[in-house]
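> with the sequence up front, the predicted model follows.
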Amino acid sequence: MRRGVGMQQLSSLEDVRKLVYHNRVAVVVYLGSDEDLNSYVTRVVKSVESVSKSAIAYGSYRVGGDSREVVVVVYVDGREVLEQRYYFMNLDLDVKALKMGIRSVISALGLTAPF
């Protein structure tokens, strides 16, 4: 489970852990029960992924239950550093917001942001 191979579909929490702990920076999209929102947020994250120069590993995991919420979590060195739960529902704004959030936390931790 390495970066640079496109967003991985993670089928278990063990797969999530592997992605998070085997990569310096990882982004995991926790999918809810709302398929339209899942599709939209996945599109946002894939847009960010396309410009991240393979420096970040990406994965998505379908959470069981009735929660409609879709949560994007950024991990650095196995630690959660950013969580996004709310969206503008405007692709350009959401891509910019996610990139800015990732860039800010990565830079604050002394790393070079990939975009």
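Now that the structure is in, tell me what you want to look at. Numbering: from 1, shown residues only.

> can I assume I56 is in contact with P114?
Yes - with contact taken as CB atoms under 8 Å, I56 and P114 are classed as touching, separated by 6.2 Å. Where C-beta positions appear, they are placed from N, C-alpha and C, glycine not excepted.

> the two: who's more crowded?
Neighbour comparison, I56 and P114: the larger count goes to I56, with 23 against 17 (by other CB atoms under 10 Å).

> nearest residue to that one other than its sequence neighbours?
Sequence neighbours aside, V25 is the residue nearest to I56 in space, at 4.6 Å (criterion: CB to CB, 6 or more residues apart in numbering).

> next, count neighbours for the one you found.
23.

> in contact with it, which residues?
R3, A55, I56, A57, V74, Y75, V76, I106, L111 (CB atoms under 8 Å, 6 or more residues apart in numbering).

> if it is in a bridge, with which residues?
V76 (DSSP bridges).

> what pLDDT does it get?
pLDDT for V25: 96.

> A113 too?
87.

> now it: how far from K99?
Distance of A113 to K99, computed by CB to CB, to the nearest Å: 9 Å.

> equivalent analysis for S52, please.
9 Å.

> so for those two, which residues contact both of them?
With CB under 8 Å, 6+ apart, S52 and K99 have common neighbours F115.

> so the most centrally placed residue in the chain is in which element?
Centroid-nearest residue in the chain, with CA atoms, centre = their mean: V27, separated by 3.1 Å. Assigned by DSSP states H and E, V27 belongs to strand 25-31.

> kindly export the helix or strand just after that strand (C-alpha atoms) in PDB.
Note on strand 25-31: by DSSP H and E, the next helix or strand toward the C-terminus is helix 35-49. Extracted in PDB, the C-alpha atoms of helix 35-49 (Å, rounded to 0.1, in the frame of the first residue of the first chain):
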ATOM      1  CA  GLU A  35     -23.600   7.600  -2.600                       C
ATOM      2  CA  ASP A  36     -23.900  11.100  -4.200                       C
ATOM      3  CA  LEU A  37     -21.800  12.700  -1.400                       C
ATOM      4  CA  ASN A  38     -19.300   9.800  -1.600                       C
ATOM      5  CA  SER A  39     -18.900  10.300  -5.300                       C
ATOM      6  CA  TYR A  40     -18.500  14.000  -5.000                       C
ATOM      7  CA  VAL A  41     -15.900  13.900  -2.200                       C
ATOM      8  CA  THR A  42     -14.000  11.200  -3.900                       C
ATOM      9  CA  ARG A  43     -13.800  13.400  -7.000                       C
ATOM     10  CA  VAL A  44     -12.500  16.300  -4.900                       C
ATOM     11  CA  VAL A  45      -9.800  14.100  -3.300                       C
ATOM     12  CA  LYS A  46      -8.800  12.600  -6.700                       C
ATOM     13  CA  SER A  47      -8.400  16.200  -8.100                       C
ATOM     14  CA  VAL A  48      -6.000  16.900  -5.200                       C
ATOM     15  CA  GLU A  49      -4.300  13.600  -5.700                       C
END
